[in-house]
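[1] Okay, sequence plus prediction incoming.
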There are 2 protein chains.
Amino acid sequence: MVNKTTTQDKILDAAEQLFASTGFADTSLRQITGMAQVNLAAVNYHFGSKKELIQSVLQRYLSVLMPRLDQEFSQLLACQKQNDLTAVLSVFIKPLLELNKVQHHGTRMFLQLLGRGYTDVQGHLRWFFNHHYGRTLDKFVLLVQQACPDLPASEIFWRLHFSLGTVVFTMASNQALQEIAAADFNENVEIEGVIHRLIPYLAAGIALPLTLSGQTH
Amino acid sequence: MVNKTTTQDKILDAAEQLFASTGFADTSLRQITGMAQVNLAAVNYHFGSKKELIQSVLQRYLSVLMPRLDQEFSQLLACQKQNDLTAVLSVFIKPLLELNKVQHHGTRMFLQLLGRGYTDVQGHLRWFFNHHYGRTLDKFVLLVQQACPDLPASEIFWRLHFSLGTVVFTMASNQALQEIAAADFNENVEIEGVIHRLIPYLAAGIALPLTLSGQTH
DNA sequence: GTACATTTCAAACAAGTGTTTTAATTTAGT
DNA sequence: ACTAAATTAAAACACTTGTTTGAAATGTAC
């Protein structure tokens, strides 16, 4: 029995593809089991419910990504020198790109799923994430605060959420954006190219001195 | 017969509230007609379908907002001096805040709807918007390009979409963010406060010189 | 090979969706 | 006041959703 992919894996593979391109709410279990070529009831048998299937799909990536990020954050926090914001943000690059080893097109897939997760669902995914990886997130916020010592915590809060919006939206509509860019500018950027465009953009907005932000009107 | 709100208006008022807080897909016609206290069939009788109801809800704001924006853009384009990017972005402020005259909490409502529109739906709202207001949008892009003459069009394309992500995401999750900000930092910002925080953040990321964006790795 | 647990399968379930139909009611024009 | 059009109302329609059921099939251990 060579090449034995279990039913669970067949479901996970089909589910993540459909979830990423169509969203969680707009993907039915019948679509998933149809693509995976398994019986409809298999989802509830192996995962319990659709909710738990969604969490399992994300968990496959998060369980690889988050420990790596946590380690990198701790390392940066250990050396006491003040870190450049761009350096802090760049920590994400390598661990994200290594998701391609977890799965074919893993990076793109995961980031699209992340985008869907924040836009589609109201509650249970946010809770799931904070409950499992809240500690790691705190370390990141601390690093940003160290990189921008002149900004009050509330300003950093807002700017980080502005940035989260950029990332989530860009990744959720990644496919459409790539197509437009290819058609209008003849440029074919991979997900890696988008990430490298993203980081300086985010760093500029987050690190902007406060004095400048008061003179808008 | 004093205070006669028509059935159509009762439906529109209930629909926009539910759409803004729950999203288009997750709001059923029965919820809407229940809150509006009208018969279920009234939606299809007056608007034709749920799709057209969604468009009507947005249209009530867009028909006020977009001509005002178009006028402002044309005015800025007319005077040939090169405009500051912050000035270009600030054009949005007044017309947006005047939506409060259209409806109680109109600005917040509209911006949340905009957020929902870009994240929930796949096709028909994007098409609807581009078809009706594509010309106005082009003027805005032109203004941004004039304000950032050293940036290639493709870079502006990406950065504007990054910014769109920020706006859309922030407005879609506006309520949750305001609650967190109030709880964690004892600060109670209105939608106006968020807009004024947003603009310098966006301007910084969009106007960032290209040379800096190359040295990330 | 028999017995047991695991997994697969087709079918049905209960609940919810947008939409349509048909009749009753209200409104407006003359 | 009478007629015709516009609106409201209750019910049913056709369809999709996630989930459950109970019997077949498969795999595993003794």
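    Noted; the coordinates are in hand.

[2] Excluding chain neighbours, give the residue nearest to A:Val167 in space.
    For A:Val167, the nearest residue in space outside its immediate sequence neighbours is A:Leu198; the separation is 6.9 Å by CB to CB, 6 or more residues apart in numbering or on different chains. Quick note: C-beta positions are derived from backbone N, CA and C, even for glycine.

[3] dump the residue contacts of the one you found.
    A:Thr166, A:Val167, A:Thr170, B:Phe162 (CB atoms under 8 Å, 6 or more residues apart in numbering or on different chains).

[4] correct me, but the last one touches A:Thr166?
    When you say that, I think you mean B:Phe162. Yes: the pair B:Phe162 / A:Thr166 is scored as a contact, 4.6 Å apart, by CB atoms under 8 Å.

[5] and for those two, which residues touch both?
    Residues within reach of B:Phe162 and of A:Thr166 at once, by CB under 8 Å, 6+ apart, are A:Leu198, A:Tyr201.

[6] A:Gln82 reaches A:Gln146, doesn't it?
    Yes: applying CB under 8 Å, one finds A:Gln82 in contact with A:Gln146, separated by 6.0 Å.

[7] More neighbours: which of these two?
    Between A:Gln82 and A:Gln146, A:Gln146 has the larger neighbour count (other CB atoms under 10 Å in any protein chain shown), namely 16 against 9.

[8] Got the confidence number for the more buried one?
    At A:Gln146, the predicted lDDT confidence score is 93.

[9] so what does the host helix or strand of it touch, helix or strand wise?
    In this structure, A:Gln146 is located in helix A:124-147 according to DSSP states H and E. Packing partners of helix A:124-147 (3 or more CB pairs under 8 Å, 6 or more residues apart in numbering or on different chains; DSSP states H and E): helix A:50-78, helix A:85-90, helix A:106-119, helix A:153-172.

[10] Columns mean pLDDT, mean neighbour count and distance to A:Glu98 on top of those, output as a markdown table?
    Listed next are the helices and strands packed on helix A:124-147 as a markdown table, based on pLDDT from 0 to 100; neighbours: other CB atoms under 10 Å in any protein chain shown; distance: least, CB to CB, whole Å:
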| stretch | mean pLDDT | mean neighbour count | distance to A:Glu98 |
| --- | --- | --- | --- |
| helix A:50-78 | 94 | 17 | 7 |
| helix A:85-90 | 93 | 19 | 14 |
| helix A:106-119 | 81 | 24 | 8 |
| helix A:153-172 | 90 | 22 | 17 |
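
[11] Of all those, which one comes closest to B:Gly23?
    Within those, the stretch nearest B:Gly23 is helix A:106-119; the backing value is 8.9 Å (CB to CB).

[12] who touches the nearest residue to A:Arg197 once chain neighbours are set aside in this structure?
    When the adjacent residues along the chain are set aside, A:Arg197 lies closest to B:Trp158, with 5.4 Å between them (CB to CB, 6+ apart). With contacts defined as CB under 8 Å, 6+ apart, B:Trp158 is in contact with A:Leu177, A:Ala181, A:Val194, A:Arg197.

[13] can you tell me if the helix holding A:Gln146 touches DNA strand D.
    No: contact of helix A:124-147 with DNA strand D (CB under 7 Å from any atom of the strand) is absent, the minimum separation being 11.7 Å.

[14] now what about that helix, what contacts it?
    With CB under 8 Å, 6+ apart as the contact definition, helix A:124-147 has outside contacts at A:51, A:54-55, A:58, A:62, A:66, A:69-70, A:73-74, A:76-77, A:82-85, A:87-88, A:117-118, A:151, A:153, A:156, A:160, A:206-207.

[15] per-residue pLDDT, the residue nearest to A:Gly117 when sequence neighbours are not counted?
    Counting by CB to CB, 6+ apart, A:Leu125 is the residue found nearest to A:Gly117 once chain neighbours are left out, at 4.6 Å. With respect to pLDDT, A:Leu125 has a value of 75.

[16] quick one: A:Leu125 and B:Ser63, what's the gap?
    Using CB to CB, to the nearest Å, we find A:Leu125 at a distance of 36 Å from B:Ser63.

[17] How about A:Asp9?
    51 Å.

[18] for A:Leu40, same thing?
    In this structure, A:Leu40 lies at 46 Å from B:Ser63, with CB to CB as the measure.

[19] Quick check, A:Leu114 in contact with A:Phe169.
    No: using CB under 8 Å as the test, A:Leu114 is too far from A:Phe169 to be in contact (10.9 Å).

[20] for A:Phe182, what are its contacts?
    You called it Phe, but residue A:182 is Ala. For A:Ala182, the contacting residues are A:Asn188, by CB under 8 Å, 6+ apart.

[21] Find the helix or strand that it is a member of.
    Here A:Ala182 is assigned to helix A:174-185, by DSSP H and E.

[22] buried ones in whichever helix or strand comes after that helix?
    Elements were assigned by DSSP H and E; along the chain past helix A:174-185, the next helix or strand is helix A:191-207. For helix A:191-207, burial by neighbour count (16 or more other CB atoms under 10 Å in any protein chain shown) applies to A:191, A:194-207.

[23] rewinding a little: reformat the contacts of B:Trp158 as a markdown table; add distance to A:Thr27 and pLDDT.
    What follows is the contacts of B:Trp158, written out as a markdown table (distance: CB to CB, whole Å; pLDDT from 0 to 100):
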| residue | distance to A:Thr27 | pLDDT |
| --- | --- | --- |
| A:Leu177 | 21 | 82 |
| A:Ala181 | 26 | 88 |
| A:Val194 | 24 | 89 |
| A:Arg197 | 29 | 92 |
